[in-house]
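Trainee: sequence unknown, structure follows:
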C-alpha cells in the first residue's frame, strides 16, 4: 500500500509555482491529495556493528563486541509505528577481572519498533528512534568449559539517514541462562553491549511516480528546477534553457545571441553602463555623459575630426588639419591650401582647385565671425615685380571664387607675396613646386594678426599684367601638384 504524503518542500514549491502562474494571468489548480512524494522502501537491509560489551558494575568487566545483522521491514495494521524483523550474529570477548575471558558467539532474532517515524520510505531523511526485543542463544567458552546459553534480549537504538546509507547506534541487554557444566554453576549471566554501525539497503532503489508538477515535460524525480513558470522552455534537467549562457533564460532573453563572457542586464542584453548604445564590452569610452552622440567604439562622435565631440562642437565641418579651440572653432593660424592649382603662368583656377575651395567655403560658412586673408606665393623664376603681381592675382582669384560660393566679400582679403617667403629651396624642382603655394591666414575678431603688406601696384603695372594674362598661352598644370589640405611645413 502506498502512502500519499505531502512534504513541506513540495507544498512550498507548488505555492511558488501558483504565484508565478497567476502573475502571468493564468489560473492553475493542483489536486494535492493525489501527489505522491514518497513510496515504501521494503528492501532488505544489512548492518555492520562494532562496539563494547561489559558486565559487573563493581569492577566493570569489558571487552570488544562485533556483529552483523540482516533485516527487513514489515507493515502492521494493528497499531502505531513501523516494524522490522532482524537477525544478528555477534561475537563478544568479555575480559573478567577474576574469572578469565567470557567468550561468546551468539545468534539472536529481534523485532525493531519505530513508534515516531517511518524510516522505510523513499526518499527518507531524518533521525528515527526505535526499541527492540527478542530472544538469543549463544555458544560460550568460560573457565575452560564450553556450554550453551539462551535468554531474552532488549534494547534501544537510533537510526540516522545519511545519503544512501544510515548510521546506527544501539544498546542491548542480554541474559544467558546456563544449566551448568563442570566448574560453571547453573545460573543466569547478563551482559550489556553498546555498538555503532552502518546500515546498507539491499536491492534497487524504489522509483517515485513520474509526476511533473510544473508541467515542463521533465518528471519531478529528475527535475532540478521543479517550479519553472508555465511556458518557459527547459532543458533535460528541467531548468530554463539559456542558449547563450548569459544567465537569463531564453524565454526572457531579448538578446539571445550574447557572446560568451559578456555581462548582461535583466533582459539578457549586454550592459551599457553609460547608456550610449555601445555595450560595455566594446565601449572604449565607458563614461560618456548622457545625450552625447558616440561612434561605434562608444566614444563621442567627432565628425570633422578636430578633436572636439559633435555634442559640444559649435563650429562643425572644420577643415581637416585646422587647429581649433575648446569650442571646436578655428583659431588664428596660417594654413596651406594644398591642391589649389592654376593654369601655367596664369591666375585661372584648375578644376581640382575648385573641389578644395568648395570645402573651404563650407567650413567658412559654419564660422561667420572669422575673417580670412588669402596669401599667394611663387618661386623665384621670373622678376620680383612680376612674381609679386602673379601671386596677388592668384590670391584674388581664390577670394573671388569663395565669394561666388556665398562667403561675404567683407570677410576676405587677398595679398600677394611673390617669391619673398619661400618655404623650401628654389634650387630644385620639388622645392620650387612647394614655394608656388596658396595660404589661408585665419583671423578671428580682435585677435587679428598683423600681416606683411604687399607692395601696391600702379595703374600702369596693373594694365600691363592684364594684357599679359589676355595673351594666348599653352594651358599647363604645375608639374608634381598634390590634392589636399595641409598646414604649411
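Mentor: Structure received. Predicted model only: the values in this text are computed from it and were never measured.
Trainee: Tell me where the stretch 51-200 of the chain is predicted with low confidence.
Mentor: 56-59 (pLDDT under 70).
Trainee: which residues in it form strands?
Mentor: 61-74, 82-96, 100-114, 121-122, 127-142, 145-162, 165-178, 187-201 (DSSP state E, counting those that start in this stretch).
Trainee: Tell me which of those strands lies nearest to residue 409.
Mentor: For residue 409, the closest of these is strand 145-162, at 99.8 Å, according to C-beta to C-beta. For the C-beta atoms, the positions are set from N, CA and C on the backbone; glycine is no exception.
Trainee: Just the angle for the closest one relative to strand 127-142, thanks.
Mentor: If you take axes from the mean of the first three to the mean of the last three C-alpha atoms, to 10 degrees, strand 145-162 sits at 160 degrees to strand 127-142.
Trainee: What residues sit buried inside strand 145-162?
Mentor: By neighbour count on 16 or more other C-beta atoms under 10 Å, the buried set for strand 145-162 is 147, 149-151, 153, 155, 157, 159, 161.
Trainee: Could you do stretch 332-340 as well?
Mentor: Buried-residue list, stretch 332-340, by 16+ other C-beta under 10 Å: 333, 335-340.
Trainee: Rounded mean pLDDT for that stretch, please.
Mentor: Averaging pLDDT along stretch 332-340 yields 91.
Trainee: May I have the distance across it, first residue to last?
Mentor: Taking C-alpha to C-alpha, to the nearest Å, the first and last residues of stretch 332-340 lie 21 Å apart.
Trainee: C-terminal to the longest helix along the chain, which secondary structure element comes first?
Mentor: Counting by DSSP state H, the longest helix found in the chain is helix 384-404. Following helix 384-404 in sequence order, the next helix or strand is strand 412-416 (DSSP states H and E).
Trainee: Distance from the chain centre to that following strand, please.
Mentor: Its chain's average C-alpha position is 63 Å from that of strand 412-416, according to C-alpha atoms, centre = their mean, to the nearest Å.
Trainee: Other residues contacting it?
Mentor: Strand 412-416 is touched from outside by 371-376, 388-396, 398-399, 402-403, 451-454, with contacts defined as C-beta atoms under 8 Å, 6 or more residues apart in numbering.
Trainee: Only the buried subset of those residues, as a ChimeraX command please.
Mentor: This is the ChimeraX syntax for the buried subset of those, where burial follows 16+ other C-beta under 10 Å:
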select :371,372,373,374,375,376,388,389,390,391,392,393,394,395,396,398,399,402,454
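Trainee: related to what we said a few turns ago, tell me which two in the buried residues of stretch 332-340 are the farthest apart.
Mentor: Across those (C-beta to C-beta), the longest gap, 18.3 Å, separates 333 and 339.
Trainee: Which residue ranges make up the domains of this structure?
Mentor: Domain assignment of the chain by automatic domain parsing yields the ranges 40-201, 333-470.
Trainee: Make a markdown table from those domains and add distance to residue 296 to it.
Mentor: Converted to a markdown table, the domains of the chain look like this (distance: least, C-beta to C-beta, whole Å):
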| stretch | distance to residue 296 |
| --- | --- |
| domain 40-201 | 55 |
| domain 333-470 | 25 |
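Trainee: how near is the residue of the chain most remote from its centre to residue 308?
Mentor: Going by C-alpha atoms, centre = their mean, the residue of the chain most distant from its centre is residue 182, 84.5 Å out. According to C-beta to C-beta, to the nearest Å, residue 182 stands 118 Å off from residue 308.
Trainee: cool, and residue 154?
Mentor: Residue 154 is 97 Å from residue 308, by C-beta to C-beta.
Trainee: now swap in residue 369 and tell me
Mentor: For residue 369 relative to residue 308 (C-beta to C-beta), the value is 17 Å.
Trainee: Pick out whichever of these two has more residues nearby.
Mentor: Per other C-beta atoms under 10 Å, whichever of residue 369 and residue 308 has more neighbours is residue 308, with 21 against 9.
Trainee: before we move on, the earlier item: to residue 251, which of the strands of the stretch 51-200 of the chain lies closest?
Mentor: Closest approach to residue 251 among the strands of the stretch 51-200 of the chain is made by strand 121-122 (33.6 Å; C-beta to C-beta).
Trainee: which residues in this protein form helices?
Mentor: 8-23, 351-365, 384-404, 429-435, 459-470.
Trainee: Tell me who's in contact with residue 232.
Mentor: Per C-beta under 8 Å, 6+ apart, neighbours of residue 232: 216, 240, 249, 251.
Trainee: swap the cut-off to 7 Å and go again
Mentor: 240, 249, 251 (C-beta atoms under 7 Å, 6 or more residues apart in numbering).
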